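Q: Build me a structure from this.
(2 chains)
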Amino acid sequence: MEFPFEKQTSVFLKEIEKYSSRLLKITETLLETTDVELAPSPKDLVFQQDKIKLYHFRPRKKEICPVPLLITYALVNRETMMDLEEGRSLIANLLDLGLDIYIILWGYPSRLERYVTLDDYIDMYMDDCVEYIRKERGLEKINLMGVCQGGTFSAIYAALYPEKVRNLITMVAPIDFDTEDGLLNIWSRYIDVDLMVDTLGNIPGDFMNLGFLMLKPFQLMMDKYVGLVEVAKDPAMVHNFLRMEKWIFDSPDQAGEAFRKFLNELYKKNSLIKGELEIAGKKVDLERIDMPILNIYAEQDHLVPPSSSKPFGDFVSSKDVTTKSFPVGHIGMYVSAKAQTELAPTIAGWLIERTGGFPKDKSKRRKQATKQKAGARKARIRKKKAK
Amino acid sequence: MEKEDQHKDFFYDWAEFQKDFFSQWADSYSKIYQPWMNAMKFWQDMKTPLTAPDLFSKWSDMIRETIGKAAAQSQEGLGLDVLLRVMRASNVFIVFNEFWLQVLEDLPNLYQVKGDDTKSRKIFERWVSRYERVFEQLVGSPVSDTAKEMMTSWLNILQMHQAAMGLIWNPWIQAMPQWREQAEKFMRGDLGALHESRSLWREVYDETLGRVFRMPAFGLTKEQTERLRRTYDAFAQFWLSLPNFYQYFYNTGMEALKEVFNRVRNLKATEMKPETMREIYKIWWTTNENAFFELFKRPDFSNAMAEVLNYGLRVKKRLDELTAEWCEAVSIPSNREFDEVAETVQELRRKLRAQQKSIEELQRKLEKVP
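A: Modelled structure (predicted):
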């Protein structure tokens, strides 16, 4: 009988030699790189309230969807994941398909933001951004897309202000928190959130990150780095890796009071789907969501399990609910090859179909272009004034 | 007794599995080992013959030294941060390879002592002790510097408090690191002993210092004294909760190791041999990942984790309270006051926004007035 490790022992030295030389190579590449750029798609700051900033992406097409899309990302980590780099950017893909996109940047809460509440984020800051776009574009309703925790925010917002939302897209968004499929859902039941916020104030981003890394400790804290050594010869791959690293560890602190309510009300009590959640003194009734919904989830999501996002359509009154899944993980939704080729067309196609398509006749297009230019001019003036 | 039976079954299976190819292994090993020794220059520089464990340790030292020098001269930034994470992960990878090589070395011995429970168990214990190095590297794998700083600063502050107050129970508190060390030793060996030691410690603590810390104080400094005592109590409870928490990691790691052996054996049975160390390593980490995922889902683990977290938070909370009190006594703004400012600022922001809205509404109405 053959010894099962014969080959292993015979190639052992070569493996180690190879690993060593690659490690030295990767050292060279890494030490030459002090930073990498994320979010390369050009965008302009058009509105700011406290630390919250609203950006408008410069359109890439002449023909653009007449109703703009506002993207709301999570408070956890940064929205740069959606525009990681040229060739791996959901935002760029959507712009290429003719969408007109705004995005909210939540910023980095400092001690001064400890008392920013969930109500402030949704009913004040998010609403101000929506109001700005509505006024600027002269529209009653805009399209809204919420990603991850931002999806929960968008669902809540759409329930509070259905008259301002034309179409709602939720992507890998937790809605039903009472699930055994996600470790975050399980762990949050045991954590004394009040003690945590009372003691720490804002919740450190590093603490949050450690929690996320713990979900897959061997893969995320070890194997991916061993894997990196193996692609040391390819600087492009190393730089891709660095972009992901930068994103992962760019984790803003969480405003204490907002964190308290999100964990206590949503993770622990699951009050959103029970109709018990209150924001700014108003009951959040998901049944008020009557606009078309595109609900997208990742089949292998370990952060927001499908069982948490999938049932969203069951709680709303909308007659037009499309639920679509992709065979990827939470992060793969933004960066996987499948997402790059299929996700953006799915979103853009669905949205354009429900906003009457691109303006066809020239006069309408001209009108739209004039409106946009006027909007941009106004924004510049406001920016100057603010300065 | 049950434990021993398990070991016996495990070794018996393992030895049976190895039975037919030990001789071949010995041949190939003797042929292969010498070229290894010759191939890497740094080995040749060694004056003493290297055993398998040295091989990787030397490798690790050499690489660490080389890269450490380069890193020290480079600019801080993303690349350097990632390099440090890569180095930590590489150490685990290398130490695991070292462990595996040692297991291979032991296999002939295991076969020779087949049927002898005591000797088999000794070999297994040797594996366990070697595996601890892998585990140590794992525990030391990337945890953020901020998290580390946070933890050490809490402890430093507490040490300062101890030194400043010169309390009668200082010896107890000072003995805690030793106690912790001892508990960790237990943790790596006899788990039953650890459990007993922990229970005993808690009992002793509750009967002695625990009582002192929780009893009401008297006199002018009543409140301060009580706060201080509660801080010590929280600190003691925090350290007490740690071994219990780590015990879960240790147990799961060891169970996963057994599973790794089983998986490798099954691979052989289906003629799917691992071709490289990297493949064995992959089996190892994926097995561990699954085992830890199952552990993390368990309510008892979640409880233990929450216990550590909550005790840690209580220590910090109590220290913050003490610090705030001292700051206020010498007219230095405390966290409490900063928080009051932050709360007021946010309240003002809300009011400002509401007033802006009202002004806009009035302007709209004004525009409609003929």
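Q: Surely residue A:120 and residue A:153 touch.
A: No: counting by C-beta atoms under 8 Å, residue A:120 does not reach residue A:153; the two are 11.6 Å apart. C-beta here means a position set from N, CA and C on the backbone, and glycine is covered the same way.
Q: quick one, which of these two is more surrounded?
A: residue A:153 (28 against 23; other C-beta atoms under 10 Å in any protein chain shown).
Q: ok, and what's touching the helix or strand hosting that one?
A: Here residue A:153 sits within helix A:149-160, counting by DSSP states H and E. For helix A:149-160, the external contacting residues (C-beta atoms under 8 Å, 6 or more residues apart in numbering or on different chains) are A:71-76, A:104, A:121-123, A:126-127, A:130, A:144-146, A:165, A:168-175, A:262, A:266, A:272, A:277, A:279, A:282, A:284-289, A:291, A:309, A:312.
Q: just for the chain, where's the confidence low?
A: This is for chain A. Applying pLDDT under 70 to chain A flags the ranges A:1-13, A:358-387.
Q: sorry, should have said chain B
A: B:1-60, B:62-64, B:66, B:107-108, B:110-111, B:114, B:133, B:136-222, B:243, B:264-275.
Q: Which residue is the nearest non-sequential neighbour of residue A:179?
A: residue A:307 (4.4 Å; C-beta to C-beta, 6 or more residues apart in numbering or on different chains).
Q: Next, work out how far apart that neighbour and chain B are.
A: Applying C-beta to the nearest C-beta, to the nearest Å, the value for residue A:307 to chain B is 14 Å.
Q: ok, how many other residues are close to the residue nearest to residue A:29 when sequence neighbours are not counted?
A: Nearest residue to residue A:29, sequence neighbours excluded (C-beta to C-beta, 6+ apart): residue A:238, at 5.1 Å. Using other C-beta under 10 Å, residue A:238 is surrounded by 22 other residues.
Q: Please apply the same query to residue A:145.
A: The burial count for residue A:145: 27, using other C-beta under 10 Å.
Q: returning to that earlier point: how many neighbours does the residue nearest to residue A:179 have?
A: Around residue A:307 there are 17 residues (other C-beta under 10 Å).
Q: what sits against it?
A: A:176, A:179, A:181.
Q: just how off-centre is the helix or strand hosting it within its chain?
A: Secondary structure from DSSP H and E places residue A:307 in helix A:306-309. Between the centre of helix A:306-309 and the centre of its chain there are 16 Å (C-alpha atoms, centre = their mean, to the nearest Å).
Q: Grab the CA positions of that helix and hand them over as PDB.
A: Provided in PDB are the C-alpha atoms of helix A:306-309 (Å, rounded to 0.1, in the frame of the first residue of the first chain):
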ATOM      1  CA  PRO A 306     -31.500  34.800   3.600                       C
ATOM      2  CA  SER A 307     -34.200  33.900   6.200                       C
ATOM      3  CA  SER A 308     -33.800  37.500   7.500                       C
ATOM      4  CA  SER A 309     -34.200  39.300   4.200                       C
END
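Q: so how many other residues sit close to residue B:118?
A: When counting by other C-beta under 10 Å, one arrives at 8 neighbours for residue B:118.
Q: Next one: it relative to chain A, how far apart?
A: Per C-beta to the nearest C-beta, residue B:118 is found 27 Å from chain A.
Q: for residue B:338, same thing?
A: For residue B:338 relative to chain A (C-beta to the nearest C-beta), the value is 6 Å.
Q: Quick one: the strands in the chain, in order.
A: You didn't say which chain, so I picked chain A. A:43-49, A:52-57, A:69-72, A:83-85, A:88-89, A:101-105, A:142-147, A:165-171, A:278-279, A:282-283, A:293-298, A:321-326 (DSSP state E).
Q: who's in contact with the fifth one?
A: It refers to strand A:88-89. By C-beta under 8 Å, 6+ apart, strand A:88-89 touches A:40-41, A:82-83, A:240, A:334-335, A:340.
Q: and if we set it to 7 Å?
A: A:41, A:83, A:335, A:340 (C-beta atoms under 7 Å, 6 or more residues apart in numbering or on different chains).
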